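Novice: Dropping a prediction and its sequence here:
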Amino acid sequence: MTIVDGSPPAVFAAVADPHRWRLLTELARSDRRVGELTELIGKPQNLVSYHLAELRNVGLVSARRSSADGRDVYYRADLERCRDLLAAAGDALHPGIRLASPAPPPEPARRRPTRVLFLCTGNSARSQMAEALLIERSGHTVDARSAGSHPKPLHPNAVRVMAERGIDIAGNTTKHLRSVARTRFDRVITLCDKVREVCPELPGPVTTAHWSLPDPAIDGATDEATYPAFRAAADDLETRIDLLVAELVARPTERSSHER
């Protein structure tokens, strides 16, 4: 990045406002609706919407319509773009402070592995892929599980896209969320806008988050027709899972706050 007129990189202006920084940090933890963000930062909706628009203008935040209620919009922080823009800003200031991705520290010893639960409606695609990816990307150091509010048979496209990534989930079974209701989890992540509304209270302190992913399985469509949507969902999950693994390594003791 070359700065011709001496102006600072746009990312600095975008995040310098404390309200925008607070919004970005909240969205880094979980996808949120405007009403939730309004409550979290204690500011009126028109101000929150204005700052969200500013963050969207520089590509730090994206939005998608809720699958549960089309009148709602879920906002999400694009953490990869945040990383790239901050790295470019450091390089623009001085090449000696160019940001590089450090090697992750070794996993600290624990009495038990971190337990993460992924929930969606059918437990046939998104949550199954997320479970498998977290186990694989964490080097089997995270106890990842999945369940659904209305389980359906495992979708063949979920098996196919995971096989492309060298992960075999063909023998997985789908489970009802009642089957994990008594299990103590450190994190619960909902992947479906509909199931987020019916997610039960789970025992113990648990950190919750929502990843608003569209259902890649379209009713009435052939497996071949929906396959691109499954690949897109798997790509999105890989990005989010890699960030989650980095967070779990960096903050191994954070197992208490509710974020729902």
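Specialist: Looks like it arrived, so ask away.

Novice: Who are the contact partners of residue 135?
Specialist: Each residue near residue 135 by CB atoms under 8 Å, 6 or more residues apart in numbering is listed here: 142, 144. All C-beta spots, glycine's among them, are computed from the backbone N, C-alpha and C.

Novice: Apply 6 Å and report the result again.
Specialist: residue 144 (CB atoms under 6 Å, 6 or more residues apart in numbering).

Novice: three-state assignment of it?
Specialist: At residue 135 the chain is in helix, as set by DSSP: H, G, I helix; E, B strand; the rest coil.

Novice: Next one: it from residue 34, what distance?
Specialist: For residue 135, the distance to residue 34 equals 34 Å [CB to CB, to the nearest Å].

Novice: Residue 67 now?
Specialist: Residue 67 sits 17 Å away from residue 34, taking CB to CB as the criterion.

Novice: can you give me the helices for the chain?
Specialist: 10-16, 18-29, 34-41, 45-57, 79-93, 126-137, 156-164, 193-196, 223-250 (DSSP state H).

Novice: Of those helices, which stretch is the most buried?
Specialist: Each of these was scored by mean neighbour count; the highest is helix 126-137, a mean of 26, by mean count of other CB atoms under 10 Å.

Novice: Any chance of CSV for the helices of the chain, columns mean pLDDT and distance to residue 181?
Specialist: Formatted as CSV, the helices of the chain follow (pLDDT from 0 to 100; distance: least, CB to CB, whole Å):
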stretch, mean pLDDT, distance to residue 181
helix 10-16, 81, 40
helix 18-29, 93, 24
helix 34-41, 94, 24
helix 45-57, 94, 34
helix 79-93, 81, 31
helix 126-137, 96, 15
helix 156-164, 96, 24
helix 193-196, 85, 14
helix 223-250, 92, 23
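
Novice: Quick check: which of the ones you listed is nearest to residue 180?
Specialist: Distances from residue 180 to each of the helices of the chain were compared using CB to CB; the shortest belongs to helix 126-137, at 11.2 Å.

Novice: Tell me what angle the closest one forms with helix 156-164.
Specialist: Regarding helix 126-137 and helix 156-164, their directions subtend 10 degrees when assessed with axes from the mean of the first three to the mean of the last three CA atoms, to 10 degrees.

Novice: Let the chain start at 147 from now.
Specialist: That works, and once the first residue is 147, the last one we named lands at helix 272-283.

Novice: where does helix 272-283 sit relative to the chain's centre, distance-wise?
Specialist: Averaging C-alpha coordinates over helix 272-283 and over its chain gives two centres that are 12 Å apart (CA atoms, centre = their mean, to the nearest Å).
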